[in-house]
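**Student:** Mind folding the following:
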Amino acid sequence: MANPLDNVKAMLVLLVMPGCEHCDEFKPRFERYVDHFQKHNAPLVDYTPGQSIRRGTIPVMVIDATSDDPNIQAFCDLHKVSGMPTLLLLTHNRAPVKIEGAVEDGRIYEVLTSAVLAAR
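**Tutor:** All right, here's what the predicted structure looks like:
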């Protein structure tokens with residue numbers, strides 16, 4: 001499987017679990033921030049595996065961490081995902097930024113800003 005980061009400098013991955021109260025609360029807040037950044041010309045794009053990615057964009061994926069897909073399980077294991085929701089900022093040549101559990105709005109904004117700066 002090709003690594004989607006091969007074509008981009010930064011990628012955001014939100015791992016959620018269906019029925020998780022924290023995930024149900026967090027996901028709409030996160031999506032509002034993504035929408036806000038997109039309206040202000042940040043290159044955030046919704047991404048689905050298999051889709052091509054244009055250079056200069058920041059793919060945003062929302063993944064069901066409870067999926068039986070072995071690739072998703074391997075991804076969760078690689079990044080030591082233990083709490084839900086988990087937001088990961090993945091960039092080339094830097095350690096991932098990982099936020100798990102309840103997240104304040106300021107921290108969401110900070111991670112999205114970091115993603116935009118990393119993509120430049």
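**Student:** got a list of contacts for whichever strand or helix holds Phe30?
**Tutor:** Phe30 is located in helix 21-39, with elements delineated by DSSP states H and E. Residues outside helix 21-39 that contact it (C-beta atoms under 8 Å, 6 or more residues apart in numbering) are 12, 14, 16-17, 44, 60, 62, 84-85, 87, 101-103, 105, 108-109, 112, 116. In this view, the C-beta of every residue, glycine as well, is placed from N, C-alpha and C.
**Student:** Filter those down to the buried ones.
**Tutor:** Buried members of the contacts of helix 21-39, scored by 16 or more other C-beta atoms under 10 Å, are 12, 14, 16-17, 44, 60, 62, 84-85, 87, 103, 108, 112, 116.
**Student:** Let me know the closest of the residues you listed to Gln51.
**Tutor:** Val60 (11.7 Å; C-beta to C-beta).
**Student:** Distance of Cys23 relative to Leu90?
**Tutor:** Separation of Cys23 from Leu90 (C-beta to C-beta, to the nearest Å) stands at 20 Å.
**Student:** Number of residues surrounding Val13?
**Tutor:** By the criterion of other C-beta atoms under 10 Å, Val13 has 22 neighbours.
**Student:** per-residue pLDDT, it?
**Tutor:** On the pLDDT scale, Val13 is placed at 92.
**Student:** The one 5 residues further on too?
**Tutor:** Per-residue confidence for Pro18 comes out at a pLDDT of 92.
**Student:** Toward the C-terminus, what is the element adjacent to the helix holding Phe30?
**Tutor:** Next element after helix 21-39 (DSSP H and E): strand 44-46.
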